[in-house]
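Student: Have a look at this fold, sequence not included:
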């Protein structure tokens, strides 16, 4: 482990605290316990921020403080959790998720969260031309902007644009250990498994069985709702607002 770059070791350290906080959730906690867990989440968020900017030492200080808060609650018997072994975290599998991610909604976030619980998340964002070809419509948000938004989601380790030549190109490049499909994604597990076997690739292929239920959990529903608002309030104009 000592031969690993410091950034990778701190990354594993951060992932350990993030996973612990994810498992704890809120679980009906209140008062000072809930406040201390929220404080730990803030510190671990800062740790990831500094690590992404190459400041390993500040990241290490932040995550150590976050871990200390959680560990104190554990020793006081206020929360129950077991830390993951460092060796397992350093060997977390590479999980690939692909999609259009046109208008980000809770269904997208749940897919990425489930991928993150399984390992390090790599996202393939569909190209504009691919969206037009497979969905028979232009994407609402251009590919570079969709890539920027997905890259900023905390569950994502890395996001790349897909291939305009072959949908399997990113899989050949990234060589994931796991491919996680959303409940409604078009690709068949058997078709994908067969195609990848022809390439000498054998990632584990999983599909989420449960679809996130919410009133605006699809790009279509969001677009329709937006159209209603525009029609009602006349908010469309040449200059957008960041508000």
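Tutor: Structure's in. What do you need? Because the structure is predicted, anything quoted here is derived from the model rather than measured. Numbers count the residues shown, from 1 in each chain.
Student: what about the residue nearest to residue 184 when sequence neighbours are not counted, neighbour count?
Tutor: Spatially, and ignoring its direct neighbours in sequence, residue 184 is nearest to residue 211 (6.8 Å; C-beta to C-beta, 6 or more residues apart in numbering). To be clear about C-beta, it is placed using only N, CA and C from the backbone, and glycine gets the same treatment. Close neighbours of residue 211, defined as other C-beta atoms under 10 Å, add up to 14.
Student: helix or strand right after whichever helix in the chain runs longest?
Tutor: Secondary structure of the chain per DSSP state H: the longest helix is helix 31-52. Using DSSP states H and E, the helix or strand that follows helix 31-52 in sequence is helix 56-75.
Student: by contact count, what packs against the next helix or strand after that following helix?
Tutor: The helix or strand immediately downstream of helix 56-75 is helix 86-90, counting by DSSP H and E. Where contact means 3 or more C-beta pairs under 8 Å, 6 or more residues apart in numbering; DSSP states H and E, helix 86-90 is packed against helix 6-24.
Student: The helix it packs on - contacts with which helices or strands?
Tutor: When contacts are defined as 3+ C-beta pairs under 8 Å, 6+ apart, helix 6-24 packs onto helix 31-52, helix 56-75, helix 86-90, helix 106-118.
Student: roughly how far is the shortest one from the heart of the chain?
Tutor: Helix 86-90 has its average C-alpha position 19 Å from the chain's average C-alpha position, going by C-alpha atoms, centre = their mean, to the nearest Å.
Student: Neighbouring strands of the next helix or strand along the chain from that helix in the sheet, and parallel or not?
Tutor: As assigned by DSSP H and E, the chain's next helix or strand after helix 86-90 is strand 94-99. Applying DSSP bridges, strand 94-99 is found paired with strand 120-125 (parallel), strand 178-181 (parallel).
Student: give the contact list for the residue nearest the centre of the chain.
Tutor: Centroid check for the chain by C-alpha atoms, centre = their mean gives residue 155 as the closest residue, at 3.1 Å. By C-beta atoms under 8 Å, 6 or more residues apart in numbering, residue 155 lies in contact with 109, 112, 113, 115, 116, 121.
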